[in-house]
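Visitor: Got a predicted structure plus its sequence, pasted below:
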Amino acid sequence: MATTADIERALASLAERNDALERENKILREQLAALKQARFGRSTERTDAGQLGLFLDVVPSEDEDAGQSAPAPAATSGRKAKKGHGRAPFAADLPRRTIDLDVPEADRLCPCCGKMMQLIGEDVTERGHVIPAQVVVNRYVRKKYACPDGHAVKSASAPEGVVEGAKYEASVVAHIAAAKYSDHLPLHRLEGIFKRQGVHLPRQTMWDMLVRLDEIVAQPVLRQMHLELLEEPVLHADETPITLCAENGKGSSKAYAFGWRNLREADSSKVLIDFRTSRGRDGPIGFLGEWSGTMIADGYSGYDEAVRRNGIVRAGCWAHARRKLKQAMETGSPSAARVFVHVQRLFWLERAIKRRVERDGLVAEEREALRARVRQERSRVVIERIYAAAGELAIQRSTLPKSKLGKALGYLDRQREELTVFLADARIPIHNNDSERDLRHLALGRNNWLVFASPRGGEVACRLYSLVLSCRQSGVDPEAYLEDILAKVSTTPASQIASLTPWAWAKERQQS
């Protein structure tokens, strides 16, 4: 017969088992909600105050934290400006072809009095017109001269090609590179496009062109770009996975593209994509060398050894922290909004600073002084509120360590030192979104080309992506840049290779 002690032990065991099942059930519900959100939900991370009202009874306004110290937006009239959906004019620098239209002379008689009408002005209508791309064959006819007595023969020299005996001009190579790495067109689609134009250009031939472009342009220019990037005091770092085919053609493995860039507010935007076959610490160590400065990254441990070895100051990313809290809110933990709303205030304050800088036209020193003052007076208080609210949630029994909320709070705790670096350094942003945005370009293309066929292909692609992304950040047409550099690189001495970087090329065009 069971004793009272046996019954109590059985009840305690059942209660413990019930708690374990409840925790497991909660985590499974979160995972299901996360899968539904990823499959059917919105991918944007934007959250306004109205949405926060779904999770909190009282939603503080953006101005509550801004106070008198935060920069105020420019004054506007009482009536909110209505967003227009009118027809935007064509850019003034687009080429224009004038087509004159006139009323036939027989129709110029006035229908009332019969007199001939006089010209009083013109009505101008502009319509866009596309001239389809086409391949034009350049025929170089070289005159030949011979001595009457048969002593010698001379002929005009042919223009230098991309390679000796090249069948295609540099413009074709530049067009293929821009189409593949800027517009994400795989080579088999480009092959079909050229075929439609009556040109047989196999994908293997196009790949040979890209390899040649990498050898004579990308590699020497990227070495210079790498040197200049490592002269920057602050760097962004991030990485994204890419599928890599096995060398024997059977199976696949995972490779990584590491994205490195300088601050967006710098004089020139420098972006480099570094291909690595693993995500380990060798990637950051090999790229950074002896560089020591401030690096903005997420919480990935692969950067730890480079940070320790070089004495790098590591700054955290509040966008990552916000993303984890938002996922917790959307997958069954509405209490995460107590922390999320304060994280939002950090971004509200940064946007207010940006509006003030743009409104008053502040230079770099004034911008950093303003940012330092607002961060010390306002952002520091917000940080204290974030960690106070996170601490209250962390000790609640309903917060499971393996749940989305538990992981978000764990990230905040582990990254506290890195996430507060921005308070003492007005140069750096509070997020790593610029680097993520660069790698999103690769992720978009990955939906089209799917895999890198070989490590060599990954290296070529990442170097050409570096050129294309740096061109885009510098406001340069990648196709025009590559065509021009192809013609210059062979005659440019190594001491002047810095003039061929995308940012140097852009500055030269602006000055000329």
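Guide: That came in fine, so what should we check first? Numbering: from 1, shown residues only.

Visitor: Next up, the contacts around Phe422.
Guide: Residues near Phe422 by C-beta atoms under 8 Å, 6 or more residues apart in numbering: Ala315, Arg375, Ser379, Ile428, Pro429, Ile430. (C-beta placed from N, C-alpha, C; glycine too.)

Visitor: Most neighbours of all these, which one?
Guide: Within the contacts of Phe422, Ala315 tops the neighbour count with 27 neighbours, counted by other C-beta atoms under 10 Å.

Visitor: shouldn't it be in contact with Asp298?
Guide: No. Under the criterion of C-beta atoms under 8 Å, Ala315 is not in contact with Asp298, lying 10.6 Å apart.

Visitor: For stretch 258-268, which residues meet the burial criterion?
Guide: Neighbour counts over stretch 258-268 (16 or more other C-beta atoms under 10 Å) mark Phe258, Gly259, Trp260, Arg261, Asn262, Leu263, Ser268 as buried.

Visitor: from these, which ones fall inside helices?
Guide: Assignment to helices by DSSP state H places none of these there.

Visitor: and which of these is nearest to Ala388?
Guide: For the buried residues of stretch 258-268, the residue nearest Ala388 by C-beta to C-beta is Leu263; the value is 31.0 Å.

Visitor: out of everything not next to it in sequence, what's closest to the closest one?
Guide: Among residues not flanking Leu263 along the chain, Val234 sits closest, at 5.3 Å (C-beta to C-beta, 6 or more residues apart in numbering).

Visitor: Asn262 is in contact with the one you found, correct?
Guide: Yes. In this structure, Val234 is within contact of Asn262 by C-beta under 8 Å, at 6.8 Å.

Visitor: So in the protein, where's the weakest helix or strand by average pLDDT?
Guide: Least confident helix or strand, the chain: helix 62-66 with a mean of 43, by mean pLDDT, DSSP states H and E.

Visitor: just checking, next helix/strand downstream of that helix?
Guide: strand 144-146 (DSSP states H and E).

Visitor: For that following strand, name the packing helices and strands.
Guide: strand 153-155 (3 or more C-beta pairs under 8 Å, 6 or more residues apart in numbering; DSSP states H and E).

Visitor: Give me the distance from the strand it packs on to the chain's centre.
Guide: Relative to its chain's centre, strand 153-155 lies at 54 Å (C-alpha atoms, centre = their mean, to the nearest Å).

Visitor: pLDDT of that strand, averaged?
Guide: Mean pLDDT, strand 153-155: 92.

Visitor: now stretch 132-150
Guide: Stretch 132-150 comes out at a mean pLDDT of 89.

Visitor: With stretch 259-270 instead?
Guide: Averaged over stretch 259-270, pLDDT sits at 88.

Visitor: longest helix anywhere in the chain?
Guide: Using DSSP H, we find that the single longest helix of the chain is helix 4-40.

Visitor: circling back: now tabulate the contacts of Phe422 in TSV and tack on distance to Thr420, pLDDT and secondary structure.
Guide: Listed next are the contacts of Phe422 as TSV, based on distance: C-beta to C-beta, whole Å; pLDDT from 0 to 100; DSSP: H, G, I helix; E, B strand; the rest coil:
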residue	distance to Thr420	pLDDT	secondary structure
Ala315	9	96	strand
Arg375	10	96	helix
Ser379	9	95	helix
Ile428	12	94	coil
Pro429	14	95	coil
Ile430	10	95	coil
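
Visitor: what two of these are the furthest from one another?
Guide: Ala315 and Ser379 (13.6 Å).

Visitor: From Arg351, how far out is the nearest residue to Ala364 once chain neighbours are set aside?
Guide: Closest residue to Ala364 apart from its sequence neighbours, by C-beta to C-beta, 6+ apart: Glu265 at 7.1 Å. Distance from Glu265 to Arg351, counting by C-beta to C-beta, to the nearest Å: 15 Å.

Visitor: Glu365 is in contact with the residue nearest to Ala364, correct?
Guide: No. Glu265 lies out of contact with Glu365 (C-beta under 8 Å); the separation is 12.0 Å.

Visitor: Show me the helices in the stretch 351-500 of the chain, by range?
Guide: 364-374, 380-394, 404-414, 416-419, 433-449, 455-473, 478-488 (DSSP state H, counting those that start in this stretch).

Visitor: List the contacts of the fourth one.
Guide: Residues outside helix 416-419 that contact it (C-beta under 8 Å, 6+ apart): Gly299, Arg314, Ala315, Gly316, Cys317, Trp318, Ala321, Ile383, Tyr387, Leu412.

Visitor: Out of the helices of the stretch 351-500 of the chain, which one sits most buried?
Guide: helix 455-473 (a mean of 23; mean count of other C-beta atoms under 10 Å).

Visitor: got the CA positions of that helix in PDB?
Guide: In PDB, the C-alpha atoms belonging to helix 455-473 read as follows (Å, rounded to 0.1, in the frame of the first residue of the first chain):
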ATOM      1  CA  PRO A 455      36.400  27.500 -55.400                       C
ATOM      2  CA  ARG A 456      38.000  29.200 -58.400                       C
ATOM      3  CA  GLY A 457      34.600  30.400 -59.600                       C
ATOM      4  CA  GLY A 458      33.800  31.700 -56.100                       C
ATOM      5  CA  GLU A 459      37.000  33.700 -56.000                       C
ATOM      6  CA  VAL A 460      36.400  35.200 -59.400                       C
ATOM      7  CA  ALA A 461      32.800  36.000 -58.600                       C
ATOM      8  CA  CYS A 462      33.500  37.700 -55.200                       C
ATOM      9  CA  ARG A 463      36.300  39.800 -56.700                       C
ATOM     10  CA  LEU A 464      34.000  41.000 -59.500                       C
ATOM     11  CA  TYR A 465      31.200  41.500 -57.000                       C
ATOM     12  CA  SER A 466      33.600  43.800 -55.000                       C
ATOM     13  CA  LEU A 467      34.100  46.000 -58.100                       C
ATOM     14  CA  VAL A 468      30.400  46.100 -58.900                       C
ATOM     15  CA  LEU A 469      29.300  46.900 -55.400                       C
ATOM     16  CA  SER A 470      32.000  49.600 -55.000                       C
ATOM     17  CA  CYS A 471      30.800  51.100 -58.300                       C
ATOM     18  CA  ARG A 472      27.300  51.200 -57.100                       C
ATOM     19  CA  GLN A 473      28.300  52.800 -53.800                       C
END
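
Visitor: between that helix and helix 478-488, how big is the angle?
Guide: 110 degrees (axes from the mean of the first three to the mean of the last three C-alpha atoms, to 10 degrees).

Visitor: by how many degrees do helix 455-473 and helix 433-449 diverge?
Guide: Using the same axes, to 10 degrees: helix 455-473 against helix 433-449 is 130 degrees.

Visitor: Distance from the chain centre to helix 455-473, please.
Guide: 13 Å.

Visitor: Next: stretch 383-394.
Guide: The answer for stretch 383-394 is 31 Å, by C-alpha atoms, centre = their mean.

Visitor: just stretch 289-307 next, same as before
Guide: 20 Å.

Visitor: Then stretch 245-255?
Guide: Stretch 245-255 has its C-alpha centroid displaced from the chain centroid by 27 Å (C-alpha atoms, centre = their mean).

Visitor: neighbouring contacts of that stretch?
Guide: 241-244, 275-279, 451-455, 458.

Visitor: Looks to me like Phe275 is in a strand.
Guide: Yes. With DSSP: H, G, I helix; E, B strand; the rest coil as the criterion, Phe275 is located in a strand.

Visitor: number of nearby residues for it?
Guide: Using other C-beta under 10 Å, Phe275 has 23 other residues around it.

Visitor: same check, this time on the one 5 residues further on
Guide: Here the count is done by other C-beta under 10 Å, and Gly280 has 13 residues near it.

Visitor: That's all I had, so thanks and see you.
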